[in-house]
Structure formats: C-alpha cells, structure tokens
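Q: Got a predicted model here, sequence first, then my questions.
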Amino acid sequence: MRWLKPVLALPALALFLVQALAIEIETAKGPVTVGKTPQTLAVFDIAALDTLNSLGVKIAGLPDKLYVPELAELRDGAEIVGTIFEPDLEALSALAPDLIIVGGRSSPQLVATSRIAQSIDMTMNGDDLFAQAKQRLMAYGALVGKPAEAAALASELDEALSSTRAAVKGKGTALILMTSGPKVTAYGKESRFGWLHSALELTPAVEDIEAATHGEAISFEFLCDANPDWLIVLDRAAAIGSGEENARATLDNELVAETTAWKKGQVVYMPAADFYIAAGGVQSTKRVLKTIRDAFSRTQ
C-alpha cells in the first residue's frame with residue numbers, strides 16, 4: 001500500500017501548484033502580475049462584483065451599498081469594508097485579503113488599499129466599454145481559475161450584443177440623456193455611455209456633445225431642436241436612491257412632447273443601477289442590452 005500515499009497526495013499537490021502559479025492580467029493601469037490564485041477577495045467595484053459573481057466566486061469583503069438588487073445575496077457571510085468611494089482601512093486590515101479590486105469610483109484609493117494587500121484597478125469607461133467588459137471577464141476567469149466559464153459568458157455577451165445591434169439597425173437616431181432630479185444632461189459618442197453608439201452602431205442624434213463625466217447640460221429647447229427618434233434615458237436619482245424627481249416627471253413637458261421619440265413612445269428608460277453604477281458587469285450589461293433590444297424590437 002506504499003503507492004497509495006503518493007496517489008492520494010496528487011490532488012493536494014495539483015491544488016498547491018495552481019494556487020502558487022503567478023498570472024499576469026490586464027488592468028486599467030497596465031499588466032499586473034498576481035502572485036497566486038486569491039482565496040480572500042475584497043472588491044469595491046460593483047461591475048467587478050457582478051462579473052465575479054457570474055463566475056461563481058465568493059467575495060469576502062464588500063462595500064456597504066451594492067445598488068444592484070440582483071447582488072444583494074452577496075452580503076451573506078461577507079464583511080463590509082467601506083463604500084464604493086472610500087475603503088474602511090481598519091476593516092480591510094482585519095479581513096486580511098489576498099487581493100483587493102478597485103475600479104471606477106474607488107480607483108483613487110488604489111494607493112491606500114495597496115498598503116494593506118496587493119490591489120488592482122479594473123476601471124472601465126468610454127466608447128469601448130463593451131470590449132473592456134469582455135477583457136475584464138477573461139482576466140477574472142484566468143485569475144480565479146475559471147477560464148472556460150469566462151469564455152462561455154463572453155459568448156453570451158457577444159450574442160446579446162449581436163441581437164441588440166440587429167434590433168436597432170435602421171430604426172433612426174438616438175440621444176442618451178441623464179436626469180438628476182430636474183436637471184438634464186446629454187451624452188455623445190465619446191462619453192462614458194458612448195459604447196452604445198459604437199458597439200450597437202446606433203446613430204447619434206447630435207454629433208458634437210461635450211464628453212463630460214456627468215454629461216453636457218442641455219435645455220428642453222435643445223432637446224426639441226435635436227428631435228431624436230429615440231431617447232435613451234438614465235435616471236441618476238433612481239440609480240443612487242436619492243429620492244429626487246424621477247426621469248418620467250422631469251421629461252414630461254411640452255417641448256419634449258414635440259420630439260419624434262416622445263410622440264412615438266420611443267423613450268427607453270434604462271435599468272439605472274446597471275447602466276450607471278455597474279457598467280461593464282456581465283449580468284448588468286446583458287440587462288442593459290435586453291432593455292434596448294426589447295424596446296427597439298417593438299417597432300418595425
């Protein structure tokens with residue numbers, strides 16, 4: 001029976017080798033080598049939480065608010081280690097994570113969290129966000145030893161994009177708006193939401209919109225003159241739970257009513273937290289695309 005011990009030891013040896021194997025992944029700051037498969041993860045970026053959850057990864061440390069209802073179950077058994085803006089360094093130290101993931105709103109905290117454990121910035125933005133979402137997905141798959149699962153999810157994203165692009169084809173121009181209570185801003189091709197135009201080949205109603213973080217402030221007269229065939233609307237108040245006037249109330253006025261989009265009922269209200277907070281997460285991206293696909297598919 002002396003041969004039995006080496007045989008029994010093989011799975012443990014294999015696990016050790018996998019965990020000890022360093023891997024290089026692409027981050028917002030360039031390539032980073034992670035020394036081993038992380039066993040205790042702290043994640044401050046909601047898109048990263050979405051994608052890691054899609055891969056079946058257990059997250060040990062979370063921000064206090066997750067914003068996306070579908071992620072609520074992640075709180076079970078997890079520690080709260082700050083907000084999406086600011087880590088609680090004491091709680092983070094107590095957790096002692098192997099790896100910390102920041103991104104977007106938490107990305108300025110990379111230096112601070114790096115003092116506690118290796119940290120990576122996985123921010124996504126801009127007109128190539130869809131491509132970045134797939135890159136991040138494959139990076140996470142490699143990081144946690146689930147490349148096949150990541151590849152399957154990437155195929156699902158490609159299929160969702162393709163079917164949505166087909167649904168919007170030839171259906172006219174679109175203008176992306178964000179309401180924040182009574183305020184309205186617009187986003188163009190080069191903005192944080194510009195990926196809808198580039199990835200879906202969606203024709204913009206206005207070409208020269210300023211690419212500001214919170215959009216270019218516009219008037220209802222501007223909106224009426226632009227006269228888009230479609231309005232794609234983000235309600236920021238709904239995304240962050242501020243309780244301000246909702247998007248439907250803000251846009252319900254005589255000038256907006258003159259647009260083709262309003263007359264034809266072609267106003268698409270986006271799943272707010274998915275589009276604004278968790279942009280680029282696998283399931284959030286699929287829900288965003290489904291919302292657009294369903295709306296455009298109702299027209300001929």
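A: Cool, got the structure. Residues are numbered from 1 along each chain as shown.
Q: pLDDT score assigned to residue 223?
A: The model reports residue 223 with a pLDDT of 96.
Q: ditto for residue 126
A: pLDDT, residue 126: 81.
Q: Name all residues that make contact with it.
A: Contacts for residue 126 (C-beta atoms under 8 Å, 6 or more residues apart in numbering) come out as 132, 190, 191, 192, 194, 195. For glycine as for every other residue, the C-beta is placed from the backbone atoms N, C-alpha and C.
Q: hey, where'd the helices end up in the stretch 1-150 of the chain?
A: Along the stretch 1-150 of the chain, counting by DSSP state H, counting those that start in this stretch, helices occupy 4-20, 46-54, 89-95, 110-114, 129-143, 147-168.
Q: How far does the helix or strand containing residue 291 sit from its chain's centre?
A: Here residue 291 sits within helix 282-297, counting by DSSP states H and E. Relative to its chain's centre, helix 282-297 lies at 13 Å (C-alpha atoms, centre = their mean, to the nearest Å).
Q: cool, stretch 21-36 as well?
A: 20 Å.
Q: State the number of residues packed around residue 227.
A: 16 (other C-beta atoms under 10 Å).
Q: Touching, it and residue 257? I think so.
A: No. Counting by C-beta atoms under 8 Å, residue 227 does not reach residue 257; the two are 11.7 Å apart.
Q: Tell me which residues touch residue 267, please.
A: Here residue 267 is in contact with 230, 231, 233, 251, 261 (C-beta under 8 Å, 6+ apart).
Q: If we use 6 Å, what do you get?
A: By C-beta atoms under 6 Å, 6 or more residues apart in numbering, the contact set of residue 267 is 231, 261.
Q: quick one, domains of this protein?
A: 19-145, 168-297 (automatic domain parsing).
Q: Save the ones you listed as JSON lines, and put in distance to residue 159 too.
A: JSON lines is the format used below for these (distance: least, C-beta to C-beta, whole Å):
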{"stretch": "domain 19-145", "distance to residue 159": "12"}
{"stretch": "domain 168-297", "distance to residue 159": "10"}
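Q: between these, which gets nearest to residue 152?
A: Distance to residue 152, taken as C-beta to C-beta, is lowest for domain 19-145 among the domains of the chain, at 9.4 Å.
Q: C-alpha coordinates for stretch 88-100, CSV please?
A: Provided in CSV are the C-alpha atoms of stretch 88-100 (Å, rounded to 0.1, in the frame of the first residue of the first chain):
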residue,chain,number,x,y,z
ASP,A,88,-12.6,51.3,5.7
LEU,A,89,-8.9,50.6,6.1
GLU,A,90,-9.3,49.1,9.6
ALA,A,91,-12.0,46.7,8.5
LEU,A,92,-9.9,45.8,5.4
SER,A,93,-6.8,45.1,7.5
ALA,A,94,-8.9,42.9,9.8
LEU,A,95,-10.1,40.9,6.8
ALA,A,96,-6.6,40.4,5.5
PRO,A,97,-7.5,39.8,1.9
ASP,A,98,-5.1,38.2,-0.6
LEU,A,99,-6.2,40.7,-3.3
ILE,A,100,-8.2,44.0,-3.4
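Q: now it, how far from the centre of its chain.
A: On C-alpha atoms, centre = their mean, the centre of stretch 88-100 falls 23 Å from the chain's centre.
Q: Likewise for stretch 103-114?
A: Distance, centroid of stretch 103-114 to centroid of chain: 16 Å (C-alpha atoms, centre = their mean).
Q: Show me the contact partners of it.
A: 44, 45, 48, 84, 85, 87, 100, 102, 119, 121, 122, 123.
Q: Make a markdown table out of these and add neighbour count, distance to residue 56 and pLDDT.
A: Formatted as a markdown table, the contacts of stretch 103-114 follow (neighbours: other C-beta atoms under 10 Å; distance: C-beta to C-beta, whole Å; pLDDT from 0 to 100):
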| residue | neighbour count | distance to residue 56 | pLDDT |
| --- | --- | --- | --- |
| 44 | 30 | 20 | 98 |
| 45 | 28 | 18 | 98 |
| 48 | 27 | 14 | 98 |
| 84 | 22 | 23 | 97 |
| 85 | 12 | 28 | 97 |
| 87 | 24 | 25 | 97 |
| 100 | 28 | 20 | 98 |
| 102 | 27 | 22 | 98 |
| 119 | 24 | 23 | 98 |
| 121 | 22 | 24 | 98 |
| 122 | 28 | 18 | 98 |
| 123 | 20 | 24 | 97 |
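Q: tell me the contacts of residue 284?
A: 50, 274, 278.
Q: Would you map the strands across the stretch 101-250 of the chain?
A: 119-121, 174-180, 183-187, 216-217, 230-235 (DSSP state E, counting those that start in this stretch).
Q: Perfect, I'm done here.
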